[in-house]
Structure formats: structure tokens, C-alpha cells
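K.L.:
pasted the sequence and its predicted model underneath.
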Amino acid sequence: MRVRDLPLSQPVVDHFADRGVRELYPPQRAAVDAGVCEGADVVAAVPTASGKTFVAQLALLTAGGPGLYVCPLRALAREKYETFAALPGVDVGISTGDFDATGEALAGNDVVVATSEKVDSAIRNGASWVDELACVVVDEVHLLGAKRRGPTLEVTLATLRRRNPDLQTVALSATVDNPDAIADWLDAALVESEWRPVDLRTGVAVGGEVGFDDGTSLSVDVGPDETAGDGDGGEARDGDADDTDDPDATEVTAALVADAVADGGQCLAFVRSRREAVDLAERLAEEGLAAALGVEDAAAAAAEEATGVDGTMTGRQLADCLRAGVAFHHAGLRSGHRAVVESAFRERDVACICATPTLAAGVNVPARRVVVRDQRRYGEGGMSWIPTLEVHQMCGRAGRPGLDPHGEAVLVADADTREAVRERYVEGDPEAVESQLADPGALRTHVLAAVATDFAATETEILDVFEGTFYARETGAGGLADAVAVAVDDLVSAGMVARETGGVEDYRLVATAVGETTSKQYVRPETGERIVAGLRAAADLPEATTLTAFEVICDTPDMQDTYLGNAERADVYRFARRNAARLTTDMTDPDDFEGWLESVKTARILDEWIGGATVEELVDRYRIGPGDLDSRVERAEWLLSAAEALGETIGVRVPAVSRARSRL
DNA sequence: TTTTACTCGTTAATTGGCAAAGCCG
DNA sequence: AATTAACGAGTAAAA
């Protein structure tokens, strides 16, 4: 099947031909056969990099009206926006929390790219363009199994489809265990495929020996390379002979990376934590990878760029690594640093990125070889195996179409774990996607939204709204009845929703003014409640300052918490005591004292930030990553604006809130 | 004999990432 | 639960 036989305009066909796209990949052909170009609903469960974006473009280009492309990450939204904007004759708009490309009304665009939360928010705020859509494409739809964000995705999609029954729905998923359930939910045709444009072999490494799933094997030299020559024996025995006993996972990883780079291929190495990503990068910097790849100059240029971002310790470490042809990548990095790393890797100026799982789900950075050093991670209830789905996404980054003969994914294990790792990740299937809508917190949020937008005025009508969700299709909406009743009660006692007598049944549910503002500002009900209480308390304080404002917004579930080390606890405690007159919480009062102290720490950081402290100072005074500071500042802006709106709603003015906001 | 360097064992600290407002005619 | 950083004791080598 050829591109020029599809119902696309000539300029579009030429556009694809310019990029070497003339023939369809098998999964794309299957999607066309399923009717993506004729308005059919389709679910495509295919590996990453097997041409999902093209399927999305087909659906959006052939739909008889405006289209919406929903994806989970802002960085991905940007990437797709650029891809779509390159299509001839297509007006594209983008709408994410941090970025509105046009500023002009999104109604005029042929295609809008947005995150799911942004779409949800647009619906709550009554944006008109969502009702005029002819087609919606949901990328990474398996995310509806995610704890917090999954419910948003399924409720949003259900609402869109309910308000617009003719809407064509195309959902793109990673390979999961139950794509048929997702297809069933959407009454869509299922396209399932394991096909990839580049072969992928997956193997398990023990010591320097790798056994791949296709029967081939690979052997690399593991051992400390700083030993000048071997065989001097005698007293130096501890120094250089430890390659005889179990080499540790880091050394095996280093050897695997060095081996691939010697062969001209780039690598990604995944580890468990941020610190270990940095440590591994520094270890690999000793390997002379920049020289092996012949990119010393370009690597030095990238290091210069990284140095230019800021003067933090992290920045210096990154620059040092980049000079050696290595990089690390995790959420503690500022976006400027991340961008340098990503583009340097794509330009082939960097041999290896040592990363936490950020990179697995993020922007496109394919490599010849992927090494997954750690397969377990600390979570609730101790150390646990990383989900198979996630490891598969890491492995899926191996193999650059047209550049590598095949991709290789290597899981590092030891003799004891070899079989467990093989069974779980090489032979094992990814997990099934399960709805998280029954989670009480998620339900409260979406019940409030349904009431505040006038979609529902009774519990029965709320259940109708949820009728179209994945949860309802899997379990039956009736299963939600009790949970919805509890959520309504919670919202009533929180003052977000009121019961009014009259109407068809004996009472109607209406959102209170506070409930409505909370929903429109897109904060959780618990956050709205906390802010309202905090504003009232602040108004009574004799000396409410910006610190007061920060304390209120940091003590909400919408602000991420900041790690409070043992060494700092006493210090933060003294700080809280000193500033008791400016805090809305009585120190003897909070049930969750630890959590509150963390909030105070965050508030303190933000207050020093608006007081003129530099990133460098805050980063080493409070031991947080530079990127963490940025993201907290961003959230604070949002939450302070929500606080202002709520203050106006309840008629309480706290000047400190506006002052804090304007100084951020 | 004193000082420094290094090894080894014990204990304490630390452990992913992600999104969210406004609509102004 | 597991890994690593931090610390301190003990020992060998150097001054």
C-alpha cells in the first residue's frame, strides 16, 4: 500500500515523499484497512517507533473537521506540534500548561495539540472548540492505568464522546496485555502488531556474557580498565584482579556501553535513581567515549552550552561529563540542560545518556543499544520490580531506523536474578491496563467537575456521565454508585457542593461558588478547601507576609513535597517556631506534622526565591535539584492565582497573596 | 615514635516522573 | 529492601 493511494492531497503526499515516506508499514496498513481514513474508530496497540504518528496524521487529515491530538507530556506535545505544523495547509494550535503557541482562539485551527489535563480544563471552562471536533487522537492511551492521571484521561474522553456522538476516536497504545478491552470500551476496531521497523533483540547480561532472545550471544570484557597491565601479581592482588569474582552491575553496564560505542553506536543506560544516573555518567566519563566516537570537539561545544545555563553544581557536573562524551538525564535537571542533552544526543555528539525513567516515556531519543542496569526501585512497600510495560518502553528505544542494523536491549542481572529477569521482562507480557477511577480522590475531583459544569445535578446523572468511562465498561457503572455517594457527601461537607431541594427528584446538586472556582482553577477539592481555610486564617493574622501565602499553597496536595532530610529537620523546625506568627497552622495542631514541615521547607525556599536568592544558593542550601526549584516555582504561580480567585470568591482579601504572585 | 594513608566493617541516610489557570468579545 | 555515603577503628607504610 502506497501513500499516494491514500485519500490525501497532493501537497501532503509530496510532503511525505520528501521525507522518504512512500510505502506504509504493516501496522499502518492495518489501521487504514480498519478505516482510519474513513472516520472509523480505531485502537492501535503497536510498539514505539512503528509509525504511530503517521496513523494519527492520517486520521486528522482525513477527518471532516477540526481534530484534537491528546498526549501526556508537554515536551511530547511540542514535538508533535512541530511535526503537524510542517504539514502543508494545516493550521495547528497547541495548548499545554506552559505554552499556548498562538494565543488566538483555538477554534480556528485544523488541529489542536494538547495534554489531557488541558483538554479537561478547557471543558470545565466551557471552551467552545471542543464541541466542534470531528476527530480526536489519543496518544499513549495505556496511561489510563496511571494512578492520578488515568482517571482524567478516561473521563475527558468519555465526556468528549458523550457531547459529540459523531466524534471519530483513534487511540494509540503501547503494547499492553488487554488492548481488546480498550477497543471494546471505545467500540473501535483493534489493530495489534509487534512489528518494528528495526529488529529488536533483548537479552540478559550476567558478568560479561549476554544471551539474547533470538539465540545469539555477546561477550564483553568486564573489568576495571585503569589497570595498566595484568600479571604483576604479588602484593597488588586486590588492586586489579577482582574481575575473577562477580563483577558488579555498574562495571557490566560500563563494558556494554564501551563495546557499543567502539562499534560506532550510541547507548542509553537506565538506572534507578537520580544520583545513580550522575554516578554512572561520571564513571563512564573515564572510558574516553568521546574519543571512541570521534566527537571530542562537538562534545566540548555541548559542554559549553551546558555551562551557559547556570552556575550550579549540577551544571558543572553535566558539563564535565559532556566533555567526555557522556551525559545524565533526570527530572532534577532544568529544562535547558535537558534540551542540551537531548539535542546533543540526537546530533550524535554524545555517546551515552545515563537516565532515570524520564527518558523512556519522553521525547524521541533512539539509540543503538539500551542497557537497563536496575530493574527494581524503591516504592510503596519497599523495593519492587519495575512494571514490564515500563521496561519495554525503555527497551523500545533501541534501534534507529535506517541507521542501525538492529537494536539491542540488555538487562543487567546476576546469576541469582537471571531467570527472574528473563521471565518477567524478556518472555513476560506487559501488564493489563486497569482503570483507577474508583480511587476516592480521583472520583471527588471528577464528581465536582461534573456538577460544576452542569452536566449532572443528581447522583444518577453523575453516574450517567461516568457511563462512558473505561471503568464503567469493565466493571459496570453500578459499581461506582456507592463510591459516588461517598464523594458527594465529602464534597458537601467540604462546602464545594450543596443539596438544593426541588427539581425532578427531591434534591438537586449544585456547586457552591467555591466549588465552581475550585473546578475552574483546576485544583483538587482538597486543595481548594485548604486554600479557603488558609485565606481566612491569614486574614486574621496580624502580620501575614508572603511566607504566609506560600505556606498555604505548599500545604496542599497539588504542591509536590520537598524531601526533608534528617539533618535539616531541626533547622526547619526552628524556622517554623520563629515564624509561628506568620503561619496559618498551629504547630501543635497538624495531624501530619512531618508533611507540614515539608511544606514549610518548600514555602521557605519560595520565599527566599522571591527575596532574590539565586538558583545556585538555593540548590546547595536546600539540596534540591535545579529543575525541582523551577517546577516548584511554576506550581506556586498556578496555585497563587487559584488562591487569588478563591479569595475573590469568598470575599477575603489577602494582599500578601498578590504580592507573592507578582514577585515570582 | 609519631604521622599519614589506606582498608575494612558498621551504621546512617536515601531512594522516578508527571500534569493543572486565563478565554477578554 | 537495597544501595551507597559517612564514619571510625585498625593496620601498614612513611616520616
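P.N.:
Perfect, I can see it now.
K.L.:
show me what residue of the stretch 251-400 of chain A gets nearest to DNA strand C.
P.N.:
residue A:382 (3.4 Å; Cβ to the nearest atom of the strand). Every residue, glycine included, has its C-beta placed from N, CA and C.
K.L.:
looking at strand pairing, list the partners for that residue.
P.N.:
Residues in a beta bridge with residue A:382, per DSSP bridges, are residue A:379.
K.L.:
smallest gap between chain A and DNA strand B, at which residue?
P.N.:
Closest point on chain A to DNA strand B, by Cβ to the nearest atom of the strand, is residue A:97, at 2.0 Å.
K.L.:
residues touching that residue, list them.
P.N.:
A:74, A:115, A:117, A:118, A:638 (Cβ atoms under 8 Å, 6 or more residues apart in numbering).
K.L.:
which residues are in contact with residue A:193?
P.N.:
The neighbours of residue A:193, taking Cβ under 8 Å, 6+ apart as the test, are A:26, A:27, A:30, A:44, A:45, A:46, A:47, A:50.
K.L.:
the second one touches residue A:44, doesn't it?
P.N.:
Put plainly, it is residue A:27. Yes: here residue A:27 reaches residue A:44: they are 6.5 Å apart, a contact under Cβ atoms under 8 Å.
K.L.:
one step back: how close does the residue of chain A closest to DNA strand B sit to residue A:400?
P.N.:
The gap separating residue A:97 from residue A:400 is 31 Å, by Cβ to Cβ, to the nearest Å.
K.L.:
re the thing from before, can you pick the most crowded of the contacts of residue A:193?
P.N.:
In terms of neighbours by other Cβ atoms under 10 Å, the contacts of residue A:193 top out with residue A:44 at 29 neighbours.
K.L.:
doesn't that one fall inside a strand?
P.N.:
Yes: per DSSP: H, G, I helix; E, B strand; the rest coil, residue A:44 lies within a strand segment.
K.L.:
now it: closest residue in space, sequence neighbours ignored.
P.N.:
residue A:191 (4.4 Å; Cβ to Cβ, 6 or more residues apart in numbering).
K.L.:
quickly find the element holding that neighbour.
P.N.:
Remark: residue A:191 resides in strand A:189-192, with elements defined by DSSP states H and E.
K.L.:
so what's residue A:216 closest to, chain neighbours aside?
P.N.:
Of all residues not flanking residue A:216 in the chain, residue A:201 sits nearest, at 6.8 Å (Cβ to Cβ, 6+ apart).
K.L.:
what's the burial count for the one you found?
P.N.:
A total of 20 residues lie near residue A:201 under the criterion other Cβ under 10 Å.
K.L.:
before we move on, the earlier item: right, and the residue nearest to residue A:44 touches residue A:35 too?
P.N.:
No: counting by Cβ under 8 Å, residue A:191 does not reach residue A:35; the two are 10.3 Å apart.
K.L.:
what touches both of those two?
P.N.:
Common contacts of residue A:191 and residue A:35 (Cβ under 8 Å, 6+ apart): residue A:42.
K.L.:
more neighbours, these two?
P.N.:
Legend: neighbour count by other Cβ under 10 Å for residue A:191 and residue A:35, higher for residue A:191 (25 against 15).
K.L.:
and the more buried one, what is it in contact with?
P.N.:
A:27, A:30, A:31, A:34, A:42, A:43, A:44, A:45, A:46.
K.L.:
out of the contacts of residue A:193, which is nearest to residue A:359?
P.N.:
Nearest to residue A:359 among the contacts of residue A:193, counting by Cβ to Cβ, is residue A:47 at 16.8 Å.
K.L.:
so how far is DNA strand C from that closest one?
P.N.:
Distance, residue A:47 to DNA strand C, by Cβ to the nearest atom of the strand, to the nearest Å: 29 Å.
K.L.:
from memory that residue sits against residue A:194, does it?
P.N.:
Yes: at 6.6 Å, residue A:47 counts as touching residue A:194 under the criterion of Cβ under 8 Å.
K.L.:
next one: the host helix or strand of residue A:155 to chain centre, how far?
P.N.:
Taking DSSP H and E as the definition, one finds residue A:155 inside helix A:149-163. Taking Cα atoms, centre = their mean, to the nearest Å, the mean C-alpha location of helix A:149-163 is offset from the chain mean by 18 Å.
K.L.:
name the residues of that helix that are buried.
P.N.:
By neighbour count with 16 or more other Cβ atoms under 10 Å, helix A:149-163 contains the buried residues A:149-161.
K.L.:
what does the stretch 501-650 of chain A have sitting close to DNA strand B?
P.N.:
Neighbours of DNA strand B within the stretch 501-650 of chain A, by Cβ under 7 Å from any atom of the strand: A:520-522, A:558, A:560, A:563, A:565-567, A:635, A:637-638, A:641-642.
K.L.:
near DNA strand C, from those?
P.N.:
On the criterion Cβ under 7 Å from any atom of the strand, none of the entries of those sits beside DNA strand C.
K.L.:
flag the least confident of the contacts of residue A:193.
P.N.:
Lowest-confidence member of those: residue A:50, scoring 86 (pLDDT).
K.L.:
how about that one, what does it touch?
P.N.:
Residues counted as contacts of residue A:50 (Cβ under 8 Å, 6+ apart) are A:25, A:27, A:193, A:195, A:196, A:197.
K.L.:
what's the spacing between the third one and residue A:387?
P.N.:
Spelled out, it's residue A:193. Residue A:193 is 21 Å from residue A:387, by Cβ to Cβ.
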